[in-house]
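Chemist: sequence first, predicted coordinates after that:
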There are 2 protein chains.
Amino acid sequence: MELRQLASLVAVVEANFNVTEAAERLHIVQSAVSQQLARLEGELGTEIFTRKGKRLVSLTASGEKVLNYARQSLALRENILAVGRDHVDEDKGILRIGTTHTQARYVLPRVIQEFRKVFPDVSLQIHQGTPQQLVEMALADKVDFSICTEELGEHPTLTALPIYRWNRVLIAPKRHAVLRCKPLGLECICKYPLITYTFGLNGSTHLKSTFARSGLRPNIVLSAVDTDVIKTYVREGLGVGLIAQTAYSPTIDKDLSMRELKHLLPWETTWVAYHREKYLRRYQQSFIDLLNRMTVENGRIVEPGNAGRKDRR
Amino acid sequence: MELRQLASLVAVVEANFNVTEAAERLHIVQSAVSQQLARLEGELGTEIFTRKGKRLVSLTASGEKVLNYARQSLALRENILAVGRDHVDEDKGILRIGTTHTQARYVLPRVIQEFRKVFPDVSLQIHQGTPQQLVEMALADKVDFSICTEELGEHPTLTALPIYRWNRVLIAPKRHAVLRCKPLGLECICKYPLITYTFGLNGSTHLKSTFARSGLRPNIVLSAVDTDVIKTYVREGLGVGLIAQTAYSPTIDKDLSMRELKHLLPWETTWVAYHREKYLRRYQQSFIDLLNRMTVENGRIVEPGNAGRKDRR
DNA sequence: ACTCCTTACGGAGCACGTAACTATA
DNA sequence: TATAGTTACGTGCTCCGTAAGGAGT
C-alpha cells in the first residue's frame, strides 16, 4: 500500500465520487485513478466504495474508516514535505491565509506589511470565506491558517490562539438624529434602522443575543459581509451602521460620525487557528507570532511586532 | 514520496543506523534501502542522516522531525490494513498480548480460555516484559496491547483502562512464627526476612513507600519477577512471601499458609493499554471487553464474561 | 446521445537484485 | 582485513497514457 493509492481515494471522495474529476485534480488520466483504486481494494481485500453498476456512489463502512486514516496519512506527507522545504530555504515559500473580508481589509494590511519586510520571498495568498468555510479550509489544509472572530475557538482539531479583542462602533451620517442621544443607549439605537454584519460573520452571533437580553428587537434593514458595503449604505442614509472599531478610519470616513459602544455591546475575540497536527514552517510561525504581538489601541492597530501594550488581555 | 521510503527510514533508525540490518528486516537487499534513502533525501532536498564518510551516524534536526511523521504514517498504514483484514474475516487473525509473568500465569488463563471459545481462529501470542518494556511494545505496535500493573496508566499516548484491583497476601510455610502474630501488622511482618516482587514489577513501587511511611525498613532478602520463584524460596524456608492474591492457589499451594493483607497494604490496579491511535480489530476489542467484565472475588478470578459482581470498582 | 468507469495494451520509469567499488573500523 | 555503504547496470514490475468496450442517465 502506497500513499499514491490513498491520494486517489481521497481525491475521488473530494470530487464527489467522480473519478474523472479526481483524475484531473491529480493531473493524471482517469484510468490511472481507477487502477489505483482497484489495486487498493484488492490489497485490502474489501470494497471501499459502494457502486451502482460501474459508477461509484458512496463509501462502505470500511471505506469510511480507511478514508479517515488516508486523510491523516496525506496530512503527514504534507508535514514531511514542509520540513524539507523549510530546510532547503526556510524564508521562501507560500503563505496561505484564510480570513474574512473585514480582517483582510482592515486588520491584516499592517501585519502583512511588517511580515513582508522580514520575509520578502514568501508569496502571500489570501483566501476569503465565511467562518464555517474558514474552518473547513484550515482542516483540509487548503489554507495554512484561518483568521476570524467566530467558529475557530471551538473546533477540537484546530489549535486556536486569540489575537486581539475588539468591539463595535456606531457610524452615522453627520447630524443624524441618533447622535443627539445623551447618553447613547441600546434603546436609543434601536429606534433607527440598523445596518450591520450578516449573521455568523464578525461576531454578530453575540450581538443578537445582547439585544435580545435587553428585550429589544433591533430593526436590521440590511446586513452585509463587508464593512465597505455597510458604510456605503450608511452614507446613502439607509440607516445607522454597527461595524468593528478597527474598520473605522477617521481620515477616510471623516464624512461619518463615530460613537464607541464598548460599554453597551459584547467584546469579541478574533482568533487565528490551524490544524492541530500541522507542521508550521518558520515563516508561518513568525506570522502567527506577529499576530500575537499585534497591539490594538482604541480600536486602531498601532504597531504589530513592537513592544507596545503587552497587557492587552 | 511514498510509504516505502518512510519504511526504509524507520527501519534504518530501528536498526541503529545499520543499513544492512534494516534491509534484512525489510526482506530486501541493502542497496535497495540505500536507494530509497537517497531518493527520500533527494525529494526533500535535505540531509536526513548525519554521516561519517559513508556510514550513517545519527539523524539531523530535520531528520528527527521526518522520522516522527514517518512513524505515524506507518502506524496509519497498519490501521488501514487492519480495517481490511477485519472485513475479510473479522474473527480470524493474530492477537499479540504484552504482559508480565504474573498476569500471564495467574490472571490471563481464564480470560484466554473464554476468548478461545468465541474466537477459535485467532492465534494468540504472549510477549513478556517489564512494565517499561511493555509500554515500549505497545507504543511501537510490537503488541496489540499490554497488561500490567505499573507504568501503563500514566503514558499520554496510551489509552489505558483499569481491569481489576488486587492486593497482596502473605505466604509462609505451615507453622511459621509469623502466623502466630495476632493481629497481623506491618511491624510484625518486618521482623522476618521477606521475599517479594522485584522493584518496578507488580506494584512493588507502592509497597515500598507504604513501609517507609510507617517508618519500617523491611528486610527483603530476595526479590523476583516471578511469583513461582517466590513460592519456591518460601517453601525452602528462606523467608516470608508477599505475592498478589490472585497468584495464590488454595489447591496447589496447600502446603503454604496464606494471610490476607488488604487492611495493611495499598491496593493496586492492573491496566490494559494500547496506542491511542491504534485501530482495534473486532476480536481485539472483544478481548478487552472480556478483561473489563472480568470479576475478582476474594482475589480469585471468578468468571470472566458473566454477570458476576459488577460493582468491582 | 452523452457521460462515466473498466479493461486491455504498450511504453517509460522505478524498484530490486547482482556486482564492482570505496570507505570505515 | 573484514565490514558497511555507494554506485552501476540489468531485469521485472508498476504506473501512466491511449484506446476500446460496457454501463448508467
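Modeler: Great, that's in hand.
Chemist: how many neighbours does the closest residue to DNA strand D within the stretch 151-300 of chain A have?
Modeler: Across the stretch 151-300 of chain A, the shortest distance to DNA strand D (CB to the nearest atom of the strand) belongs to A:Tyr279, at 24.7 Å. All C-beta spots, glycine's among them, are computed from the backbone N, C-alpha and C. If you count neighbours by other CB atoms under 10 Å in any protein chain shown, A:Tyr279 ends up with 21.
Chemist: equivalent analysis for A:Val57, please.
Modeler: So A:Val57, with other CB under 10 Å, has 10 neighbours.
Chemist: what separation do you get for it and chain B?
Modeler: From A:Val57 across to chain B, the span is 18 Å (CB to the nearest CB, to the nearest Å).
Chemist: same deal with A:Val66?
Modeler: 5 Å.
Chemist: quick one: secondary structure of that residue?
Modeler: Assigned with DSSP: H, G, I helix; E, B strand; the rest coil, A:Val66 falls in the helix class.
Chemist: wait, it touches A:Leu9, no?
Modeler: Yes - proximity of A:Val66 to A:Leu9 meets the contact threshold set by CB atoms under 8 Å, at 7.0 Å.
Chemist: any shared contact partners between these two?
Modeler: Here A:Val66 and A:Leu9 have A:Ile48 as joint contacts, going by CB atoms under 8 Å, 6 or more residues apart in numbering or on different chains.
Chemist: as a whole number, average confidence for stretch A:163-181?
Modeler: Averaged across stretch A:163-181, pLDDT comes to 92.
Chemist: can you list the buried residues in stretch A:1-21?
Modeler: A:1-13, A:15, A:17, A:19, A:21 (16 or more other CB atoms under 10 Å in any protein chain shown).
Chemist: what do you get for stretch A:281-289?
Modeler: Quick answer for stretch A:281-289 (16+ other CB under 10 Å): A:Arg281, A:Tyr283, A:Gln284, A:Ser286, A:Phe287, A:Ile288.
Chemist: stretch A:262-279 too?
Modeler: In stretch A:262-279, counting by 16+ other CB under 10 Å, buried: A:Leu264, A:Leu265, A:Glu268, A:Thr269, A:Thr270, A:Trp271, A:Val272, A:Ala273, A:Tyr274, A:His275, A:Lys278, A:Tyr279.
Chemist: any idea how far A:His87 lies from chain B?
Modeler: Distance, A:His87 to chain B, using CB to the nearest CB: 4 Å.
Chemist: now name the helix or strand holding that residue.
Modeler: helix A:61-88 (DSSP states H and E).
Chemist: how about that helix: buried residues?
Modeler: Buried, per 16+ other CB under 10 Å, within helix A:61-88: A:62-63, A:65-67, A:69-87.
Chemist: cool, stretch A:116-131 as well?
Modeler: Buried residues in stretch A:116-131 (16+ other CB under 10 Å): A:Phe119, A:Val122, A:Ile126, A:His127, A:Gln128, A:Gly129, A:Thr130, A:Pro131.
Chemist: narrow those residues to those in strands?
Modeler: In this view, the buried residues of stretch A:116-131 that belong to strands under DSSP state E are A:Val122, A:Ile126, A:His127, A:Gln128.
Chemist: ok, for the third one, nearest residue in space, not its chain neighbours?
Modeler: Ranked by CB to CB, 6 or more residues apart in numbering or on different chains and with sequence neighbours excluded, the top spatial neighbour of A:His127 is A:Gly98, at 4.7 Å.
Chemist: give me the pLDDT value at whatever residue of the stretch 201-313 of chain A ends up closest to chain B.
Modeler: The stretch 201-313 of chain A approaches chain B most closely through A:Tyr279 (7.2 Å), counting by CB to the nearest CB. With respect to pLDDT, A:Tyr279 scores 97.
Chemist: and what of A:Leu201?
Modeler: Note on A:Leu201: pLDDT of 71.
Chemist: now do the contacts for the residue in the stretch 151-300 of chain A positioned nearest to DNA strand C.
Modeler: In the stretch 151-300 of chain A, the residue that lies nearest DNA strand C is A:Tyr279 (23.1 Å; CB to the nearest atom of the strand). Neighbour list for A:Tyr279: A:Glu78, A:Asn79, A:Ala82, A:Val83, B:Lys65, B:Tyr69 [criterion: CB under 8 Å, 6+ apart].
Chemist: follow-up on the earlier one: what is the nearest of the buried residues of stretch A:262-279 to A:Leu184?
Modeler: Lowest distance from A:Leu184 to those (CB to CB) belongs to A:Leu264, with 7.5 Å.
Chemist: element containing A:Leu242?
Modeler: Element membership for A:Leu242 (DSSP H and E) is strand A:240-244.
Chemist: how big is the angle separating whichever helix or strand comes after that strand from strand A:240-244?
Modeler: Of the helices and strands lying after strand A:240-244 in sequence (DSSP H and E), the nearest is strand A:256-260. Interaxial angle, strand A:256-260 versus strand A:240-244 (axes from the mean of the first three to the mean of the last three CA atoms, to 10 degrees): 60 degrees.
Chemist: give me the mean pLDDT for strand A:256-260.
Modeler: Strand A:256-260 shows a mean pLDDT of 93.
Chemist: that one: partners in the sheet, and parallel or antiparallel?
Modeler: strand A:168-173 (antiparallel) (DSSP bridges).
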